[in-house]
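J.: okay, here's the prediction I keep looking at, along with the sequence it came from:
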Amino acid sequence: MKTDLPEKFAILQRDKETYAIKTNTPGGFVNPEQLRRLAEVVEKYGIQVVKMTSAQRMALIGLPEDKLDEVSADLGDMGGAATGLCVHYVKICPGATYCKRGQQNSIALGLKMDKMFQGVNLPKKFKMGISGCQNDCSEVCIKDAGLIGTPKGWNVMLGGNGGAAPRFAVRLAEAVTSEDEALKLVERIISWFKNKERACRIGKIVGEIGLEDLRKEIL
Ligand code: SF4
C-alpha cells in the first residue's frame with residue numbers, strides 16, 4: 001500500500017496512487033524567474049492542478065511516483081519543501097515592511113527562522129508562524145511555535161495547533177526586543193520539544209505542564 005513519501009517531499013493523494021509536491025517558497029515569496037520555471041514544470045509534466053496552500057506554498061497535485069525526483073530537481077530552489085516529522089514552514093505576514101498596521105519586521109525575521117529551522121527533525125510535525133502585529137494574520141495562536149510583534153518587541157508563543165483537538169498557543173515570553181534573542185528562544189522551544197521524544201504535538205505537552213513550569217524548563 002502506498003504512503004506519504006516525506007523523503008521525496010511528497011504527499012499521497014486521495015486516489016491512493018498519485019502524489020502532491022509543494023513548492024518551497026518561504027513566506028510565499030516568488031520572483032518572475034521562479035514563476036516562469038514553475039509554469040515550465042507544470043506544462044512539462046502535464047500537472048492538472050496547482051493549488052495555493054495555507055502554508056504559503058503551491059501544491060502540484062497528481063504526480064506519478066516515478067516523476068517525483070525529476071519534478072523536485074526541475075523546481076530547483078523551489079524544490080524540497082519539508083514535510084513529515086519535522087518543522088514544516090514558517091507562515092509570514094507582510095509586517096512592518098508593507099502593512100500599515102505592522103509593528104515589527106516579520107518578513108526579515110521570518111525568513112531567518114525558515115532558514116534556521118525548516119526541516120529540523122522532530123517527534124511530530126511542527127508548524128510555525130510570525131506576525132508583525134497582534135492582529136496575528138499568520139495565526140501564530142494556532143501554530144506550534146512562533147512570534148507576534150507588538151510595539152514593545154516580540155511575544156514568543158508556543159503550543160498552538162488546529163486539527164481535531166485544537167489549542168491556542170501560550171505566551172512564553174513577551175516584549176523581546178532583540179531578534180537574536182527571539183530566535184534563541186524559538187531554538188530553545190524546538191530543542192525542548194525534541195528532547196521530550198514524545199510523538200504528539202507540542203501543545204499537548206504544554207497543556208500538561210502548565211505555563212509556570214514550562215517557563216522554568218525552557219527559559
Ligand atoms: S498581522 Fe498585523 S502586520 Fe501582519 S499583516 Fe496582519 S495586520 Fe499587518
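T.: Ah, there it is.
J.: what about the helix ranked longest in the chain, distance to the chain center?
T.: As assigned by DSSP state H, the longest helix anywhere in the chain is helix 179-196. Counting by CA atoms, centre = their mean, to the nearest Å, helix 179-196 is centred 15 Å from the centre of its parent chain.
J.: for that helix, buried residues please.
T.: Neighbour-count burial for helix 179-196 flags 179, 182, 183, 185, 186, 188, 189, 190, 193, 196 (criterion: 16 or more other CB atoms under 10 Å). C-betas here are computed from N, CA, C, even on glycine.
J.: which two from those residues end up farthest apart in space?
T.: The distance between the two most remote of the buried residues of helix 179-196 (CB to CB) is 26.5 Å, for 179 and 196.
J.: which residue comes closest to the residue nearest to the spatial centre of the chain once chain neighbours are left out?
T.: With distances taken as CA atoms, centre = their mean, the residue of the chain nearest its centroid is residue 89 (1.9 Å). Using CB to CB, 6 or more residues apart in numbering and skipping residues adjacent in sequence, the residue nearest residue 89 is residue 55, 4.6 Å away.
J.: so what's the one you found up against?
T.: Counting by CB atoms under 8 Å, 6 or more residues apart in numbering, residue 55 makes contact with 22, 88, 89, 91, 127.
J.: at 10 Å instead, please
T.: 22-23, 25-26, 28, 81, 83, 88-91, 127, 129 (CB atoms under 10 Å, 6 or more residues apart in numbering).
J.: the ligand contacts on the protein?
T.: Residues of the chain lying near the ligand by CB under 6 Å from any ligand atom: 93, 94, 95, 99, 101, 102, 131, 132, 133, 135, 136, 137.
J.: now for those residues: which two are most distant?
T.: Based on CB to CB, the longest span within the residues of the chain next to the ligand runs between 94 and 136 and measures 13.0 Å.
J.: those two: which has the busier surroundings?
T.: Using other CB atoms under 10 Å, the more surrounded residue of residue 94 and residue 136 is residue 136, with 21 against 18.
J.: which ones are touching the more buried one?
T.: When the contact criterion is CB under 10 Å, 6+ apart, the partners of residue 136 are 93, 129, 130, 142, 143, 146, 148, 149, 155, 157, 169.
J.: assign a three-state SS to it, would you?
T.: The three-state assignment at residue 136 reads coil, by DSSP: H, G, I helix; E, B strand; the rest coil.
J.: show me what the longest helix of the chain is packed against.
T.: Using 3 or more CB pairs under 10 Å, 6 or more residues apart in numbering; DSSP states H and E, the elements in contact with helix 179-196 are strand 87-92, helix 106-117, strand 126-131, strand 145-150, strand 153-158, strand 170-176, helix 202-209, helix 211-218.
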